[in-house]
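Trainee: Could you work out the structure for the sequence below:
(one chain, ligands or ions: 1)
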Amino acid sequence: MPDRERAGWYDVIMPAAPAVPVRPLVLGSVVVDPPVLQAPMAGYTNYAYRQVVREFGGAGLLATEMIAARSAAWLETTRGEHPDRLWGVREEPRPLAVQMWDNDPDNLASVGRRLARDFRVSVVDLNFGCPVRQVTEKAHSGSWLLRDPARVGTIVRRVVEACDGVPVTAKIRLGCAETCHTAIEVAQRVEEAGAACLTVHGRVASQFFTGRADWTAIAAVKRSVSRLPVVGNGDIDTPEIAVARLRETGVDGVMIAREALARPWIFSQVAALLRGEPCPPDPSLDAQRDIVLHHYDLVCRRFGVSRGTLLMRKFACAYAQGLPGARDFRGRVSRVTTRVEFLDVVRDHFPRIASAGVSSRHAEPSSA
Ligand SMILES: Cc1cc2nc3c(=O)[nH]c(=O)nc-3n(C[C@H](O)[C@H](O)[C@H](O)COP(=O)(O)O)c2cc1C
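Mentor: As a prediction, the model looks like this:
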């Protein structure tokens, strides 16, 4: 059969790009393939969201929301319970990373041991990047610890010892502030302490999310360690940028956070590009509406309809991000309180923007 007949129509129109030679990320016994990671996001990367990401595929490793080790330990000793954020984790498909924060090596070691032995998570991740005051100034944890690389090293070593061979990873920012860039020193301590991988978000904590992620600095962190795999993170908002970062900066993997709230299918697009295939288009607007409704069902199954409806408002806003009419949609969906209202607003919005001639995200309506 001639090649043209055998190929799908899109192969003819869009010939496959050459595959990017990217190796899977190996974290001890866990193979992250492709080396494209779903970032932990407090308030977002719950069980329902992770299920949506998993259904699209393409993410080599998924992560929970971070848990507070101190309150996890307290809950267990006083009530025999576990943090709500660990709901579903025992039965969930792997690979799955659970992230935790604290500044006390013993607390972190004991919760890490629990996660490794009882929850059998694939990866135990330590947060040294959170810039939120409650975690930094009040608890001297998260990015606060970047001012003390030796303590970061001690924490990582203790957790590695406690986790019975389950890979322990760390996630950092470039430093606490512009005047306190400690990422290279921290990376070296993390490596010496036996971590399996380090993720670097290319901002300092005082920036929160302002400015642009500094990928030159991320690449410098990668060059400063000898065997520790480094995952780069920050401002990846298209599949092409994910591939370019992997190809151009020397990192061993990339992590995507905010864009994957708007487009949980982005991981599958990156994976296709890495295989040398054309980038699959975003789902049609009708399909995106169905994805929002499916996500809503999953959230309601997990949290119940009342709480689920309120919780889903912010996810719906994220899905609409970058589409025309997003502001109007945000205003309407942020006020819904019942299932019927939520369904009405979503069902009304997507056909409306489709009829304005928009076929995909970032596109402008064909008529003004
Ligand atoms: C709402 C929100 C919650 C976040 N929660 C966490 C968290 O729990 N743990 C963590 O390490 N990073 C957290 N982050 C940071 C992201 O994992 C990521 O490092 C950051 O958003 C930069 O990546 P991006 O440019 O792809 O969004 C959070 C970010 C956002 C926007």
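Trainee: drop to CA atoms for contacts and neighbour counts, all remaining ones
Mentor: Will do.
Trainee: Can you pull the residues of the protein lying near the ligand?
Mentor: By C-alpha under 6 Å from any ligand atom, the part of the chain that sits against the ligand consists of 39-42, 65-66, 127, 129-130, 171, 201, 233-236, 256-258.
Trainee: Below-threshold pLDDT in the chain: ranges please.
Mentor: The chain contains residues with pLDDT under 70 at 1-20, 351, 354-368.
Trainee: which stretches of it form strands?
Mentor: Remark: strands assigned in the chain by DSSP state E are 25-27, 30-32, 36-38, 62-63, 67-68, 96-101, 123-128, 168-177, 180-181, 197-204, 230-233, 253-256.
Trainee: Which among those is found nearest to residue 243?
Mentor: Closest of the strands of the chain to residue 243 is strand 253-256, at 8.6 Å (criterion: C-alpha to C-alpha).
Trainee: next one: phi and psi at residue 164?
Mentor: phi 50, psi 40 (degrees, to the nearest 10).
Trainee: Excluding chain neighbours, what is closest to residue 207?
Mentor: Nearest non-adjacent residue to residue 207, counting by C-alpha to C-alpha, 6 or more residues apart in numbering: residue 177, 7.4 Å away.
Trainee: Count residues in the vicinity of the one you found, would you?
Mentor: 19 (other C-alpha atoms under 10 Å).
Trainee: so it sits right up against residue 183, yeah?
Mentor: No: using C-alpha atoms under 8 Å, residue 177 is not in contact with residue 183, being 11.1 Å away.
Trainee: Nearest to residue 279, out of the strands of the chain?
Mentor: strand 36-38 (15.2 Å).
Trainee: tell me what the closest one is packed against?
Mentor: strand 62-63, strand 253-256, helix 266-274 (3 or more C-alpha pairs under 8 Å, 6 or more residues apart in numbering; DSSP states H and E).
Trainee: Go through these and pick out the most buried.
Mentor: Compared across those, strand 253-256 shows the largest average neighbour count, a mean of 26 (mean count of other C-alpha atoms under 10 Å).
Trainee: quick one: strands adjacent to that one?
Mentor: strand 36-38 (parallel), strand 230-233 (parallel) (DSSP bridges).
Trainee: Buried residues of the last one, list them for me.
Mentor: Spelled out, that is strand 230-233. By 16 or more other C-alpha atoms under 10 Å, the buried positions in strand 230-233 come out as 230-233.
Trainee: of those residues, closest to the ligand?
Mentor: Closest to the ligand out of those is residue 233 (5.4 Å), distances taken as C-alpha to the nearest ligand atom.
Trainee: Nearest spatial neighbour of the closest one, chain-adjacent residues omitted?
Mentor: residue 201 is the one closest to residue 233 (C-alpha to C-alpha, 6+ apart), at 4.6 Å.
Trainee: quick one: contacts for the residue most central in space within the chain?
Mentor: When C-alpha atoms, centre = their mean is applied to the chain, the residue found nearest the centroid is residue 39 (1.6 Å). Residue 39 sits next to 62-63, 255-257 when contact means C-alpha atoms under 8 Å, 6 or more residues apart in numbering.
Trainee: Tell me how far it lies from residue 174.
Mentor: 17 Å (C-alpha to C-alpha, to the nearest Å).
Trainee: How about residue 167?
Mentor: Counting by C-alpha to C-alpha - residue 167 and residue 174 are separated by 22 Å.
Trainee: can you check residue 104 too?
Mentor: 22 Å.
Trainee: Domain ranges for the protein, per the record?
Mentor: According to automatic domain parsing, the chain comprises the domains 16-274, 285-355.
Trainee: And for residue 192, the neighbour number?
Mentor: Should you count by other C-alpha under 10 Å, residue 192 turns out to have 16 residues around it.
Trainee: Name the nearest residue to it, sequence neighbours excluded.
Mentor: residue 153 (7.5 Å).
Trainee: residues touching the residue in the stretch 51-200 of the chain positioned nearest to the ligand, list them.
Mentor: Sorted by distance to the ligand under C-alpha to the nearest ligand atom, the residues of the stretch 51-200 of the chain start with residue 66, at 4.3 Å. Residues near residue 66 by C-alpha under 8 Å, 6+ apart: 40-42, 85, 98-101, 127.
Trainee: Is there a quick ChimeraX command that grabs whichever of those are buried?
Mentor: To isolate the buried ones among the contacts of residue 66 in ChimeraX, judged by 16+ other C-alpha under 10 Å, type:
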select :40,41,85,98,99,100,101,127
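Trainee: right, and out of the contacts of residue 66, which lies closest to residue 29?
Mentor: residue 98 (16.1 Å).
Trainee: The closest one and residue 115, how far apart?
Mentor: 8 Å.
Trainee: For the two, list the residues in contact with both.
Mentor: Going by C-alpha under 8 Å, 6+ apart, residues that sit against residue 98 and also against residue 115 are 121, 124.
Trainee: For stretch 75-92, output the C-alpha coordinates as PDB.
Mentor: Taking C-alpha atoms only, stretch 75-92 is exported to PDB below (Å, rounded to 0.1, in the frame of the first residue of the first chain):
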ATOM      1  CA  LEU A  75      -4.100  13.100  63.700                       C
ATOM      2  CA  GLU A  76      -2.700   9.600  63.800                       C
ATOM      3  CA  THR A  77      -1.600   9.500  67.400                       C
ATOM      4  CA  THR A  78      -4.700  11.200  68.800                       C
ATOM      5  CA  ARG A  79      -7.500  10.000  66.600                       C
ATOM      6  CA  GLY A  80      -6.000   7.200  64.500                       C
ATOM      7  CA  GLU A  81      -6.900   9.100  61.400                       C
ATOM      8  CA  HIS A  82      -5.100  10.400  58.300                       C
ATOM      9  CA  PRO A  83      -5.200  13.700  56.500                       C
ATOM     10  CA  ASP A  84      -8.100  14.200  54.200                       C
ATOM     11  CA  ARG A  85      -5.600  14.900  51.400                       C
ATOM     12  CA  LEU A  86      -4.600  11.200  51.600                       C
ATOM     13  CA  TRP A  87      -8.100  10.100  50.600                       C
ATOM     14  CA  GLY A  88      -7.900   7.400  48.000                       C
ATOM     15  CA  VAL A  89      -4.100   7.300  47.900                       C
ATOM     16  CA  ARG A  90      -3.900   3.700  49.100                       C
ATOM     17  CA  GLU A  91      -5.900   2.300  46.100                       C
ATOM     18  CA  GLU A  92      -5.000   4.800  43.500                       C
END
